[in-house]
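> Any chance you can model this:
(2 chains)
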Amino acid sequence: MINPEMHLIENLKEAKGIPSRDGYGHGLVALGEQNENVVALCCDLTDSTRVGWFKEKFPERFIETGVAEQNMMSIAAGLSAMGKIPFVSSYAVFSPGRNWDQLRVSVCYSEENVKIQGAHAGISVGPDGATHQALEDIAITRCIPNLIVVVPTDAIEGEKATIEAGLIKGPVYLRFGREKVPTMTTAKTPFKIGRAEIYREGKDACIVACGTMVYEALIAAEELEKEEIEVMVINNHTIKPIDKNTLINAAKKTNAVVTAEEHQIMGGMGSAVAEVLSQNYPVPMKFVGIKDRFGESGQPEELMQKFGCTHKEIIQAVKEVLEMKK
Amino acid sequence: MQKITEIKELKLMANTIRKDIVKMLEEAKSGHSAGSIGMADIFTALYFNIMKHNPENIKWKERDILILSHGHVCPVRYAAMARAGYFPVEELKTLRKLGTRLQGHPHNLDLPGIENTAGPLGQGISVAAGMAYATKMDKKENKVFCLMGDGEINEGQPWEAFMFAAKHKLDNLIVLIDRNYIQIDGNTEDIMPLNPLDKKFEAFNFEVIELNGNNMEELISGFEKAKEVKGKPVVIIANTVPGKDVSFMEGKSGWHGRVPNSEEKEKALKELNEIEKKIKEGE
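Predicted coordinates:
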């Protein structure tokens, strides 16, 4: 049963497709209007990261650094040290992929107030192929002290996450995809960094998902309902700091957990959930995500299917975890 | 901060800082000797003559900012800061020890007055460029000094930062390269040749000033000249002798990453005391 307090759209199948990165673009403009210390930096990807919208509105607060992600990250640290609130944007494979050391030392260890947008994350990047499909960014960010890690599920949540990140003092990593994804949340849907939301109630198993996999989890839940399996669905958008209480309570209630993400299973969101549950309330778990391999070229939908990131794999995993529970 | 204007007094301060470095490194039992000692004159010039700063009001809005990009020579910065009044000289003994504010590589949050965290090479110059850019955005007058090692610019990131600084005509950014020709594995020109370094910077649209980084008169006049440059960033290529004034360390890459034992410390202090006497006698 969809949790009415979440104010999701009525019919999931009619969700409008919008890329989550659009939310970043809108959020950044809104922040720019609120606070003149907000500045944006980009590495020659202004259009596709949606920073262009900020650039258009606030050209004097936009800094083009050229194709130089390491420089961009440390420049942002310097701007922060002087009181600015810098947002750095690029594709996740480059930032935080290529400039991880700068993120670690110039930004996080120094507690600089820098926000990092990793765009075009996940296998659904599509035809560009493996080099441009960030499947490891959650793993390499969530292990850095002081860094908050957020994976918005759609454009509306992406906008809320961007605005809230701008109000937090300290580094935040925001992960976005390239493709249009179903927009199921609304302006009224609750969102707070650090608090997982229960989108659907259920007693048999719990699916903990992030990014576009939250939508897939809800579709899976609808399908499973037809077989009289009632699953809870949690939007676990904040990987760090992770919402331990919500996860532990969900495990207590359902005694079976499936995680789902568009990222390597190794070190990703599911691993973060397992770290919490294994130490507090161990229950059988299954992980849906990328299985220790690189991506490849193809259409986004083809790749999501080939790499096992759809509601079908989630349904299968729920059935398996229910077997383990017996 | 009371400026020291007498060259002789500045030389004596550099000598004191060298002795502090020898003592603190022997006590710490690890760290980087040659580069730290070689830069004593540069740090003295900056902290006691060139820079606007106030140890009584560390976050003073009008202060000049000193970014140390090659963090491993931090003993010289710590010693200069202690002598300038940022913290008690006694605390230098805690270098690299558990619980110290004087981390093995400097951390902005541990010690007030440290403006940037540095260790992995090449990051400080980008941080400095970001600070200089923000200063220009806010139409402020602060200068940003960024000190770098020559081996450090083997990294690619500094060249990204140099292009950025030139693009934005950051004439409030003064870069100084400690050109001591040593890095851990040997001579810089054997490991990854940097010369002609002046021409490289000219090609990157920098104003280039070359000087003897162990000569106090040249340092003061070089920094003053650098402050006046308009329309482009400045680099000072400061030729220094690593381990300067400690005979058995001078010019030796072997002393890049090792420290004196107690016997070597005594020998070094004896030599430095001799030099102090000569400075006082005006030789």
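> show me the contacts for B:Gly113.
Neighbour list for B:Gly113: B:55, B:58, B:81, B:86 [criterion: Cβ atoms under 8 Å, 6 or more residues apart in numbering or on different chains]. Any C-beta I mention is one placed from the backbone N, CA and C, and that applies to glycine too.
> Looking at these, which one is closest to chain A?
B:Ile58 (13.4 Å; Cβ to the nearest Cβ).
> right, and the secondary structure at that closest one would be what?
Under DSSP: H, G, I helix; E, B strand; the rest coil, the three-state class of B:Ile58 is coil.
> That one contacts B:Pro112, doesn't it?
Yes. In this structure, B:Ile58 is within contact of B:Pro112 by Cβ atoms under 8 Å, at 4.8 Å.
> shared neighbours of the two, anything?
B:Tyr86.
> quick one, phi psi at B:Gly122?
Backbone torsions for B:Gly122, taken as degrees, to the nearest 10, come to phi 100, psi -10.
> What separation do you get for it and B:Leu66?
Here the criterion is Cβ to Cβ, to the nearest Å. By it, B:Gly122 lies 17 Å from B:Leu66.
> With B:Lys8 instead?
With Cβ to Cβ as the criterion, B:Lys8 and B:Leu66 are 24 Å apart.
> Pull out the buried members of the contacts of B:Gly113.
B:55, B:81, B:86 (16 or more other Cβ atoms under 10 Å in any protein chain shown).
> Who are the contact partners of the first one?
Think B:Pro55. For B:Pro55, counting by Cβ under 8 Å, 6+ apart, the contacting residues are B:1, B:81, B:84-86, B:113.
> Setting aside sequence neighbours, what's the nearest residue to the residue in the stretch 51-200 of chain B that chain A sits nearest to?
Residue nearest to chain A within the stretch 51-200 of chain B: B:Gly130 (2.3 Å; Cβ to the nearest Cβ). Counting by Cβ to Cβ, 6 or more residues apart in numbering or on different chains, A:Gly78 is the residue found nearest to B:Gly130 once chain neighbours are left out, at 2.3 Å.
> What is the burial count for that neighbour?
Using other Cβ atoms under 10 Å in any protein chain shown, A:Gly78 has 33 other residues around it.
> The one 5 residues further on too?
The local packing of A:Gly83 (other Cβ under 10 Å) involves 10 other residues.
> Pretty sure it sits against B:Met131.
No. A:Gly83 lies out of contact with B:Met131 (Cβ under 8 Å); the separation is 10.3 Å.
> domain parsing for chain A?
A:4-10+A:190-325, A:14-183 (automatic domain parsing).
> among the ones you listed, which is nearest B:Ala28?
domain A:14-183 (21.0 Å; Cβ to Cβ).
> any idea of the mean pLDDT for that closest one?
For domain A:14-183, the mean per-residue pLDDT is 98.
> which parts of stretch B:58-75 are buried?
For stretch B:58-75, by 16+ other Cβ under 10 Å, it's B:63-75.
> wait, which of the residues you listed is closest to A:Thr141?
For the buried residues of stretch B:58-75, the nearest to A:Thr141 is B:Gly71 (23.6 Å; Cβ to Cβ).
> doesn't B:Gly122 make contact with that closest one?
No. With contact defined as Cβ under 8 Å, B:Gly71 does not reach B:Gly122; the gap is 10.9 Å.
> which non-adjacent residue is nearest residue 143?
Reading this off chain A. A:Gly267 (7.7 Å).
> wrong one, I was asking about chain B
Closest to B:Lys143 by Cβ to Cβ, 6+ apart is B:Asp64, at 4.5 Å.
> pLDDT score assigned to that neighbour?
98.
> go on, the one 5 residues further on?
In this prediction, B:Ser69 carries a pLDDT score of 98.
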